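# one predicted model, sequence on top.
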Amino acid sequence: MTELTEFQKKIAALLPNLELRMNESMAKHTSFRIGGGAEVMAFPKTETELAELLKVSALLDGKCAILGAGTNVLAPDEGITGLVICLKDCLDGMERLSDTRIRVMAGVTMSRAAVFAANLGLSGLEFAHGIPGTIGGGIYMNAGAYGGEISQVCDRVAVMDRQGNTRWLSRAEMAFSYRHSVLETSDDLVIAAEFTLTPSEPEAVKARMKELIGKRSASQPLNLPSAGSAFKRPVGGYAAALIDQAGLRGFRVGNAGISDKHAGFAVNLGGATAKDVRTLLQTVSDRVFEQTGIRLEPEIRIW
């Protein structure tokens, strides 16, 4: 058995009742199935546990990273020093606030939230049904697909600072833009979000979700580990089209490659390393820039 580090010993002693896993493989918690061990991975079940965890982390002056479903993250091969807080399925729960408003906790997946809304006869989250991440992650990056974005339906967001204090931010304060929110330049964590949706027939909403899932299945490489769209949509074009034009569909570095099915996706072909993926993304970006003058920026969060 590997001897515990001083940080592991201290955090375990200070938080004896909280679920902590030492040297937990990041590959088990990311859709890329890539990444070394996290020194400590924590799974808080309530806001109180999360606040306590953040205070202890600050007390120990440890590095602290936040993980949702890990569907947009490339974790390093060498692992993560310090603390990783996993919120997926931890900060859980959904409720109806009024005829058109719902509140969803950060650890709920986008898909579950969309189904919850559909069952209530509320339209507006159909686009989210096929996005595999959590509400927290979706809020953080203003996730979207098929013409829909979180910012179109999100009214306000509950966030927690690193001292465990909670407050609400309005839509305007969230400063949403394409794949961006104010949280990208903040240390605050998403706790919950409230959405205003449009009344509709449940079956009509579900039919629209089924249609979008069909489109996704037909066009995306869902059979291989990936982190969704590899690059942000550039001004004046589409990343997949530019990659195709550069002749890079199917291009690979080690065991990471550009999908044969959809050139906008980087996939793990089996045993890919984070280094493989980073080199792949940089090489593709460079070659597209050489040919078009357009620089592709990663949409994947590279830890």
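Great, that's in hand.
# which residues in the protein form helices?
Secondary structure of the chain by DSSP state H: the helices cover 6-14, 47-59, 110-119, 135-141, 171-174, 202-219, 239-245, 274-292.
# how about CSV for these, with mean pLDDT and mean neighbour count added?
For glycine as for every other residue, the C-beta is placed from the backbone atoms N, C-alpha and C. What follows is the helices of the chain, written out as CSV (pLDDT from 0 to 100; neighbours: other Cβ atoms under 10 Å):
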stretch, mean pLDDT, mean neighbour count
helix 6-14, 94, 15
helix 47-59, 92, 18
helix 110-119, 95, 21
helix 135-141, 93, 28
helix 171-174, 96, 16
helix 202-219, 90, 15
helix 239-245, 95, 19
helix 274-292, 97, 18
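# which stretch among these comes nearest residue 71?
Comparing these by their distance to residue 71 (Cβ to Cβ), the top pick is helix 135-141, with 7.2 Å.
# list the contacts of residue 90.
43, 44, 45, 50, 107 (Cβ atoms under 8 Å, 6 or more residues apart in numbering).
# so who does the third one touch?
Yep, that's residue 45 we're talking about. The contact partners of residue 45, by Cβ under 8 Å, 6+ apart, come to 19, 90.
# equivalent analysis for the fourth one, please.
Residues touching residue 50, when contacts are defined by Cβ under 8 Å, 6+ apart, comprise 44, 85, 87, 90, 91, 160, 164, 189, 191.
# and the third one, how many neighbours does it have?
Residues within reach of residue 87, counting by other Cβ atoms under 10 Å, total 26.
# cool, the last one as well?
Applying the criterion other Cβ under 10 Å, we find 22 residues in the vicinity of residue 191.
# how about it, nearest residue that isn't a chain neighbour?
Excluding the flanking residues, the one nearest residue 191 by Cβ to Cβ, 6 or more residues apart in numbering is residue 158, at 4.2 Å.
# next one: residue 280
That would be residue 253: by Cβ to Cβ, 6+ apart, it lies 4.2 Å from residue 280.
# hmm, residue 281 and the one you found touching each other?
No: with contact defined as Cβ atoms under 8 Å, residue 253 does not reach residue 281; the gap is 9.0 Å.
# for the residue nearest to residue 280, which residues make a bridge with it?
For residue 253, the beta-bridge partners under DSSP bridges are residue 256.
# can you check residue 265 too?
residue 229.
# that one against residue 222, yeah?
No: in this structure, residue 265 is not within contact of residue 222 by Cβ under 8 Å, at 9.5 Å.
# so these two - more neighbours on which side?
residue 265 (24 against 15).
# what pLDDT does that one get?
pLDDT recorded at residue 265 is 94.
# quick check: the gap between the residue nearest to residue 280 and residue 80.
Taking Cβ to Cβ, to the nearest Å as the measure, residue 253 falls 23 Å from residue 80.
# which ones are touching the spatially closest residue to residue 67 that is not a sequence neighbour?
Spatial nearest neighbour of residue 67, chain neighbours left out: residue 86 (4.8 Å); criterion: Cβ to Cβ, 6+ apart. Counting by Cβ under 8 Å, 6+ apart, residue 86 touches 29, 41, 42, 43, 67, 68.
# emit the ChimeraX select command for whichever of those are buried.
Selection of buried members from the contacts of residue 86 for ChimeraX, criterion 16 or more other Cβ atoms under 10 Å:
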select :29,41,42,43,67,68
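# where does confidence bottom out across the contacts of residue 86?
residue 68 (87).
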